[in-house]
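Asks: what would the 3D arrangement of this be:
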Amino acid sequence: MIDLYGISNMLTAVTCLAIAILVYVKGAKNKINRIWSIFALGVAIYGFGGFKASTAKDPSAAFFWWQIAYIGVIMLPVLITHFIYSFLGINRPHFIKVIYFLNFIMLASDIFCKDLFVGHVSLFFVNSKWFKPAYFIYPPGPLHIIHTLLFYFGLITLAHIDLIKGYRQATSLKRHQIKYFLFATISGFTGGGTSYLPCFGISLYPVFNIAVAFCPLIIAYAILKYRLMDITVAITRTGIFVAVYTLVLGLPFAVAVWLKSWLIQAFGAGWWMSPLVLMAVLATAGPFIYIYISRRAEERLLKEQRRYQNTLKQASLGMTRIRNLRRLLDLITHIITKTVRISYAAIYLYDKQADKYVLQVSRDKGRISIPNLNSDNPLVAWIMVKREPLVYEEVKRQLEDTNDATYRHLEENMRLLNASVVIPSLLEDKFLGFIVLGDKLSGQIYTPDDLNVFQVLASQAALAIENAQFYEETQKMQEQIAQAEKMATIGTMADGLSHQINNRFYALSLIAGDTIDTIKVTDTSKCTPEVKEMLDSINHALGRIQTNVMQGGEVVKGILKYTRKGDESFGALTLDQILDGTLEMVQYKVKLSEIDLMRDYPKDIPRIKGNLVQLQEAFFNFIDNAYDAIVERRTTLKEDGYRGKITVSAQQKDSALGIVVEDNGMGIKDDNLNKIFTPFFTTKTSARRGTGLGLYVIRRIITDTHKGKIALESSYGFGTRFILELPIAK
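Replies: Predicted coordinates for the structure are as follows:
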């Protein structure tokens, strides 16, 4: 008679224990792997307990081993439900807690209240021709019946309904994973369910219990083919190891058993040396055979991965030769999406002016990308500190395990970004931005090897991006320097130009004066009224020409005064003296009639020790910028009754004169306040856009040349205050 039930249980115990250990060792950080490994351990406990119960010699031993077996049985419905919900991403934490609590009660009753759960055991199949008699639970205890109906059939059915719903909604790889998982669990639970038949007095041998042993084999196949859990390589290596060393140890044994007679004939009493030598040879060659086959198997399994990883490595080496930033970013996203075959890729870079990480380029299929992230965003803060890739699935699992607010923010941001992985782009200690990657079109997960390659790519991309940004900034700076040089050249030409212009003005003045004198001495008494009226008009026009020639001469004189280097020495200057000279020039750029310029300080304030030309340049800049801000507020806000106002106030502060230049213009945004004195930074948006050098130069004049202080206060939409402190002349 065959102990088919005992054999099937032993196979189940061995295969499930192996799967449990392998999955846990290779994937303990993964919540799904942990749950599955505990589930497989529960099946192994059931198998081993069932095997011992079927081979027990008396009822008391069988009763004990059925108690052990049912530790595993009680665990299985809850664990499989938890696994299915985690695998499908179904969030039912309260339900899971309740069934675990009930599961604990069932376990306690199995261990401590024997009659409530196991009940009694009876010998079945005594008269069978084929199957060996065995002790089965009969009749079961009341909790055993409740567990069978509510947990084994009810809970498992409910979980599998959700699994079937998930299968209908899933696509690509996930669909295949669910399909094989369904095959495995239906096979296992249907086969195991036949073991309940004797419990209810049905004398039908549980021949299908062997199906429980197939469950881990189907799961192993799903792992290998569809990466149900990320331990494909581990299972392959284990399988190869077992196969190789089965050959190493089994072949000499087979030779010794099957060819013993022939070996005795050939070698006599020393026949046993032949299998021993064969074993030594195979044992020596075994590691090399294992390494060779393992390497070839991994190459086959990871062929596609290796291909795109090598392509990415090669592409990363050529990035630094590209100088155009936009072209570089387009190339990076194109290479990633086409080579790795992913659904979405985007690159965010830090924008100093906005103090945000701004979307520069994206390649997607109908996705709406987030345009920017603030620099204090939890996602940005996390990858800046951790300096390593952030994987969405890991974040979700951490959130399920801990319900930490940090992981909740990370999960939310990654979901909004359509990100499966976020790769930081670092150049030494400098964080330039990050690369967002969507799901692989194949449905496969991102492996540690993938993440390592993407980190290398991101590092090379950071260097290339830094080079491209530096190249573009250099070009921009060269253009601004060239423009500044043009202005400087005009300044150096001012003497010659003013001389030429003054000569023309002098000639016009002489011509106009001579013509006026000629008209005055001409006898017009005999002229008709029309001619007299015409001569009066000409005389008036010539007078206006003379007036404008004189004004033009004053303008030229002012330009010449402003552009000359001037005396480098410092002297005692009044604030009125500085402002008067400033207004002489600023009136030709700013429409002073449109604003109110107020001087709010006493006439007897102390004099300043300074350079007149340089300080006039500084105040020229303050008034010019204030006027631009006033125009911007007037055109942007369109407020009724609004009129621009610039106020210059001053008061003594110990050995310095405190001066405030205040306007009621548009003001400066908070994000730009700390960058206002940066070279080439400008907030001007009109056609009169500046170079961004003015305030940088002014700060140098105030702080370096005059050993003073300068500060800025601004409220966007209301105005700006420049606060100066300049040394008082002694």
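Asks: how many neighbours does Arg175 have?
Replies: Arg175 sits with 15 neighbouring residues when counted by other Cβ atoms under 10 Å. Just so you know, the C-beta spots here come from the backbone N, C-alpha and C atoms, and that holds for glycine as well.
Asks: for it, give me its contacts.
Replies: When contacts are counted by Cβ atoms under 8 Å, 6 or more residues apart in numbering, Arg175 is found next to Tyr167.
Asks: distance of it relative to Ile164?
Replies: Distance of Arg175 to Ile164, computed by Cβ to Cβ, to the nearest Å: 12 Å.
Asks: anything in contact with each of the two?
Replies: Joint contacts of Arg175 and Ile164 (Cβ under 8 Å, 6+ apart) do not exist.
Asks: tell me the domain boundaries of this structure?
Replies: Annotated domains of the chain cover 4-230, 239-301, 306-469, 494-563, 571-727 [automatic domain parsing].
Asks: so how many other residues sit close to Ile105?
Replies: 13.
Asks: same question for the one 3 residues further on.
Replies: Using other Cβ under 10 Å, the number of residues around Ala108 comes to 14.
Asks: am I right that it falls within a strand?
Replies: No - secondary structure of Ala108 (DSSP: H, G, I helix; E, B strand; the rest coil): helix, not part of a strand.
Asks: tell me if I am right that Ile511 is in a helix.
Replies: Yes - Ile511: assigned to a helix according to three-state DSSP.
Asks: can we start the residue count at 878 from this point?
Replies: Will do, 878 is the new start, and the previous item becomes Ile1388.
Asks: my guess is Gly1068 meets Asn1086, correct?
Replies: Yes - using Cβ atoms under 8 Å, Gly1068 makes contact with Asn1086 at a distance of 5.3 Å.
Asks: so can I have TSV of the domains of the chain showing distance to Gln1352?
Replies: Converted to TSV, these look like this (distance: least, Cβ to Cβ, whole Å):
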stretch	distance to Gln1352
domain 881-1107	46
domain 1116-1178	47
domain 1183-1346	9
domain 1371-1440	28
domain 1448-1604	12
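Asks: tabulate the ones you listed (TSV), appending mean pLDDT and distance to Gln1355.
Replies: As requested, the domains of the chain are exported to TSV (pLDDT from 0 to 100; distance: least, Cβ to Cβ, whole Å):
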stretch	mean pLDDT	distance to Gln1355
domain 881-1107	83	51
domain 1116-1178	69	51
domain 1183-1346	77	14
domain 1371-1440	74	23
domain 1448-1604	85	11
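Asks: before we move on, back to that, so Gly1068 and Asn1086 - more neighbours on which side?
Replies: Asn1086 (26 against 21).
Asks: show me what contacts the residue nearest to that one when sequence neighbours are not counted?
Replies: Counting by Cβ to Cβ, 6 or more residues apart in numbering, Asn1086 lies nearest to Ser885, which is 4.6 Å off, once chain neighbours are set aside. Applying Cβ under 8 Å, 6+ apart, one finds that Ser885 lies in contact with Asn1086, Ile1087, Val1089, Ala1090.
Asks: just the buried residues of the residues you listed.
Replies: With burial judged by 16 or more other Cβ atoms under 10 Å, the buried subset of the contacts of Ser885 is Asn1086, Ile1087, Val1089, Ala1090.
Asks: give the helix, strand or coil label for the residue of the chain positioned farthest from its centre.
Replies: The C-alpha centroid of the chain is most remote from Lys1403, which lies 94.1 Å away (Cα atoms, centre = their mean). Here Lys1403 is coil, with the state taken from three-state DSSP.
Asks: now swap in Leu1601 and tell me
Replies: Quick answer, by three-state DSSP: Leu1601 is strand.
Asks: could you list which residues are in contact with it?
Replies: Gly1535, Ile1536, Val1537, Val1538, Ile1579, Gly1585, Lys1586, Ile1587.
Asks: among those residues, which lie within helices?
Replies: Secondary structure defined by DSSP state H assigns none of the contacts of Leu1601 to helices.
Asks: is it correct that Thr1210 is in contact with Ile1219?
Replies: No - contact criterion Cβ under 8 Å: Thr1210 and Ile1219 do not qualify, at 9.9 Å.
Asks: any idea how far Lys1584 lies from Leu1412?
Replies: Using Cβ to Cβ, one gets 64 Å for the distance from Lys1584 to Leu1412.
Asks: would you say Phe1130 is within a helix?
Replies: Yes - checked against three-state DSSP, Phe1130 lies within a helix.
Asks: I figured it hits Trp1149, correct?
Replies: No - Phe1130 is not in contact with Trp1149 according to Cβ under 8 Å; the separation is 11.8 Å.
Asks: ok, now how distant is Ser1220 from Gly1315?
Replies: Ser1220 is 4 Å from Gly1315, where distance means Cβ to Cβ.
Asks: what is in contact with the two at once?
Replies: Asp1241.
Asks: okay, the two: which has more neighbours?
Replies: The neighbour comparison of Ser1220 against Gly1315 (other Cβ under 10 Å) goes to Gly1315, with 23 against 17.
Asks: report the contact partners of that one.
Replies: Counted by Cβ under 8 Å, 6+ apart, Gly1315 has contacts Ile1219, Ser1220, Tyr1221, Ala1222, Asp1241, Arg1244, Asn1295, Ala1296, Ser1297.
Asks: dump the residue contacts of the fifth one.
Replies: In other words, Asp1241. Asp1241 makes contact with Ser1220, Tyr1221, Ala1222, Ala1223, Asn1295, Gly1315 under the criterion Cβ under 8 Å, 6+ apart.
Asks: now do 6 Å
Replies: Tyr1221 (Cβ atoms under 6 Å, 6 or more residues apart in numbering).
Asks: so how far is Ser1220 from it?
Replies: Asp1241 is 7 Å from Ser1220, where distance means Cβ to Cβ.
Asks: picking that back up, so the residue nearest to Asn1086 is in which element?
Replies: helix 881-904 (DSSP states H and E).
Asks: ok, Ile1523 next?
Replies: In this structure, Ile1523 is located in strand 1521-1530 according to DSSP H and E.
Asks: tell me the strands beside that strand, with direction?
Replies: When pairing is defined by DSSP bridges, strand 1521-1530 lines up against strand 1472-1477 (parallel), strand 1533-1540 (antiparallel).
Asks: those strands into TSV, with extra columns for distance to Tyr977 and mean neighbour count?
Replies: Putting these into TSV (distance: least, Cβ to Cβ, whole Å; neighbours: other Cβ atoms under 10 Å) gives the following:
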stretch	distance to Tyr977	mean neighbour count
strand 1472-1477	75	14
strand 1533-1540	68	21
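Asks: if we can go back for a sec, what's the spacing between the helix holding Ser885 and its chain's center?
Replies: 41 Å (Cα atoms, centre = their mean, to the nearest Å).
Asks: just the C-alpha atoms of the next helix or strand after it, please, in PDB.
Replies: Once the chain leaves helix 881-904, the next helix or strand it forms, by DSSP H and E, is helix 908-931. What follows is helix 908-931, C-alpha atoms only, in PDB (Å, rounded to 0.1, in the frame of the first residue of the first chain):
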ATOM      1  CA  LYS A 908       7.200  43.500   2.100                       C
ATOM      2  CA  ILE A 909       5.600  41.200  -0.500                       C
ATOM      3  CA  ASN A 910       8.500  38.900  -0.400                       C
ATOM      4  CA  ARG A 911       8.400  38.700   3.400                       C
ATOM      5  CA  ILE A 912       4.700  37.900   3.400                       C
ATOM      6  CA  TRP A 913       5.100  35.200   0.800                       C
ATOM      7  CA  SER A 914       8.100  33.600   2.600                       C
ATOM      8  CA  ILE A 915       6.000  33.400   5.800                       C
ATOM      9  CA  PHE A 916       3.100  31.900   3.800                       C
ATOM     10  CA  ALA A 917       5.400  29.300   2.300                       C
ATOM     11  CA  LEU A 918       6.700  28.500   5.700                       C
ATOM     12  CA  GLY A 919       3.100  27.900   6.900                       C
ATOM     13  CA  VAL A 920       2.600  25.500   4.000                       C
ATOM     14  CA  ALA A 921       5.800  23.700   4.900                       C
ATOM     15  CA  ILE A 922       4.600  23.400   8.500                       C
ATOM     16  CA  TYR A 923       1.300  21.900   7.300                       C
ATOM     17  CA  GLY A 924       3.200  19.500   5.000                       C
ATOM     18  CA  PHE A 925       5.600  18.300   7.700                       C
ATOM     19  CA  GLY A 926       2.900  18.000  10.300                       C
ATOM     20  CA  GLY A 927       0.600  16.100   7.900                       C
ATOM     21  CA  PHE A 928       3.500  13.800   6.900                       C
ATOM     22  CA  LYS A 929       4.200  12.900  10.600                       C
ATOM     23  CA  ALA A 930       0.500  12.500  11.300                       C
ATOM     24  CA  SER A 931       0.000  10.100   8.400                       C
END
